[in-house]
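Participant: From the sequence below, what's the structure:
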Amino acid sequence: MKDRKIGYNLVEVILALGVCAIGVVSIMALFPIGSSAARDASMETYSANVADEMLQFIKYRLHEVDPNDDLITARNKVNARWTQIIGTNASPDAADIKTYDASTFLETDPTKLDSTTEWEVPSGGDSLFGGDFDRNESIFQLNGNSRIYQLIIHHNESGVDFGDVNEADSTQDFAMNVDFRAIAYLWKEKIVIDQSSATLPLEVPYDNGARLIMRVTWPAELPLAARQRADYVLEVFKPIVH
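Facilitator: Numbers count the residues shown, from 1 in each chain. Coordinates of the predicted model:
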């Protein structure tokens, strides 16, 4: 019996290469999807972190007590700060956190995101942040509107200030080292305990508690309609000093 020569003809080789090519292309198509999903997850984590930082600082301010104050003084300071930041039923719109205003938009000019005349560091006389945030490098307040904020996560060195521009040296250019930039809007609502009655729901008065909502939209460089959005909620209650 003659030995049969084993081999492949050109058509078989081309078909095999075609199958391999389809498989490789299909796998390669998954890389951009995975990269996009990872980026979106990272941005959502950044958003949650900066929103939590700000909301928790507000809560800290509302509960802040000077250990050197006597009981009466401490109570008076806590009550005054609560009225100033949250407000009461008699004056529900406090100086800094008001109820939702549908006429307030989060649209901003992307060319002015690093403008120090457009954005300022909350500090000093700002009753919401007191004097403790004047060293902060991640939260900036829109001039003329104490409820719109620019939230930033960056890896700039301590000597680089917000708004610094240096096209020749990226380490001295603030915007070049920004990892995440969002525009956020802060407002408050009443805490609803029982919604079974449509005409008279059971609510916590502003004198005792409030629901703080922060809407974060990112990336700030895009128009509002093209940004992703997330709302973060924190309920705060007036502390009892004893």
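
Participant: Where does the prediction get shaky in the protein?
Facilitator: For the chain, the stretches with pLDDT under 70 are 1-8, 30-31, 33-35, 123-127, 130-136, 195, 197-199.

Participant: Kindly recompute the last result at 50.
Facilitator: The model of the chain has pLDDT under 50 over residues 134-135.

Participant: can you map out the strands along it?
Facilitator: 119-120, 139-142, 148-154, 178-189, 191-194, 202-204, 209-218, 228-237 (DSSP state E).

Participant: Name every strand pairing with the last one and say which way it goes.
Facilitator: In the sheet containing strand 228-237, its partner strands are strand 209-218 (antiparallel), by DSSP bridges.

Participant: So which of the strands of the chain is nearest residue 27?
Facilitator: For residue 27, the closest of the strands of the chain is strand 228-237, at 27.7 Å, according to C-beta to C-beta. The C-beta positions use only the backbone N, C-alpha and C, and glycine is treated the same way.

Participant: what angle do that closest one and strand 178-189 make?
Facilitator: Here the directions of strand 228-237 and strand 178-189 differ by 50 degrees (axes from the mean of the first three to the mean of the last three C-alpha atoms, to 10 degrees).

Participant: Take the strands of the chain and lay them out in JSON lines including distance to residue 170.
Facilitator: Below are the strands of the chain laid out as JSON lines (distance: least, C-beta to C-beta, whole Å):
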{"stretch": "strand 119-120", "distance to residue 170": "21"}
{"stretch": "strand 139-142", "distance to residue 170": "21"}
{"stretch": "strand 148-154", "distance to residue 170": "12"}
{"stretch": "strand 178-189", "distance to residue 170": "11"}
{"stretch": "strand 191-194", "distance to residue 170": "47"}
{"stretch": "strand 202-204", "distance to residue 170": "50"}
{"stretch": "strand 209-218", "distance to residue 170": "22"}
{"stretch": "strand 228-237", "distance to residue 170": "26"}
